[in-house]
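Enquirer: Compute the structure for the input listed below.
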Amino acid sequence: QVQLVESGGGLVQAGGSLRVSCAASGYTYSMGWFRQAPGKEREGVAAIRSGRGLRSYEYADSVKGRFTISRDTDKNTLYLQMNSLKPEDTAMYYCAAALGWASLNSDSYPYWGQGTQVTVSS
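Expert: Numbers count the residues shown, from 1 in each chain. Model (predicted):
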């Protein structure tokens, strides 16, 4: 059983930066960040797959060039560095994990954290 605990959300002004973290217990191959704004569907933000010395990344078009996903395998922690934040980035951000390869699709991830709120003011 994989457990995920997010942290680091908060309130930031537009143009600012924020880093959210996700501490994981247990082995995972794919990890991702998803977000859901009120009244909207959950959308994939970024994913990372790591194993056997190889890593692959995937980003939503809306965050490319602004967000960076990374993973510290020693600490078993996932990060999302968010720069140049926009009000439309406001959402609950969720960490997700899978034991195998997973695309940036929420249906591919069986394990989820409780979420951390990110609010970007204009």
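
Enquirer: For the residue lying closest to G10 once chain neighbours are set aside, grab the count of nearby residues.
Expert: What sits nearest to G10 in space, not counting adjacent residues and going by Cβ to Cβ, 6 or more residues apart in numbering, is L18, at 6.4 Å. To be clear about C-beta, it is placed using only N, CA and C from the backbone, and glycine gets the same treatment. Using other Cβ atoms under 10 Å, L18 has 20 neighbouring residues.

Enquirer: again, but for Y57
Expert: Counted with other Cβ under 10 Å, Y57 comes out at 14.

Enquirer: What of G51?
Expert: 14.

Enquirer: any idea how far S56 is from the residue nearest to it when sequence neighbours are not counted?
Expert: Excluding the flanking residues, the one nearest G51 by Cβ to Cβ, 6+ apart is Y29, at 5.3 Å. Y29 sits 11 Å away from S56, going by Cβ to Cβ, to the nearest Å.

Enquirer: tell me the contacts of the residue nearest to G51?
Expert: R49, S50, G51, A98, L99, G100, W101, A102 (Cβ atoms under 8 Å, 6 or more residues apart in numbering).

Enquirer: ok, back up a step: report the contact partners of the residue nearest to G10.
Expert: Applying Cβ under 8 Å, 6+ apart, the residues near L18 are G8, G9, G10, V12, M82, L85, V118.

Enquirer: quick one: contacts for the third one?
Expert: The contact partners of G10, by Cβ under 8 Å, 6+ apart, come to L18, Q117, V118, T119.

Enquirer: And the residue nearest the centre of the protein?
Expert: Central residue of the chain (Cα atoms, centre = their mean): W33, 2.1 Å from the mean position.

Enquirer: Restricting to C-alpha, output the helix or strand bottoming out on mean pLDDT in the chain in CSV.
Expert: The weakest-scoring helix or strand in the chain, judged by mean pLDDT, DSSP states H and E, is strand 54-59 (a mean of 91). Coordinates of each C-alpha in strand 54-59 appear next as CSV, following Å, rounded to 0.1, in the frame of the first residue of the first chain:
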residue,chain,number,x,y,z
LEU,A,54,16.2,6.3,-16.5
ARG,A,55,13.6,9.0,-16.1
SER,A,56,10.9,10.4,-18.4
TYR,A,57,8.8,13.4,-17.9
GLU,A,58,5.5,14.7,-19.2
TYR,A,59,3.9,18.1,-18.8
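
Enquirer: Many thanks, we can stop here.
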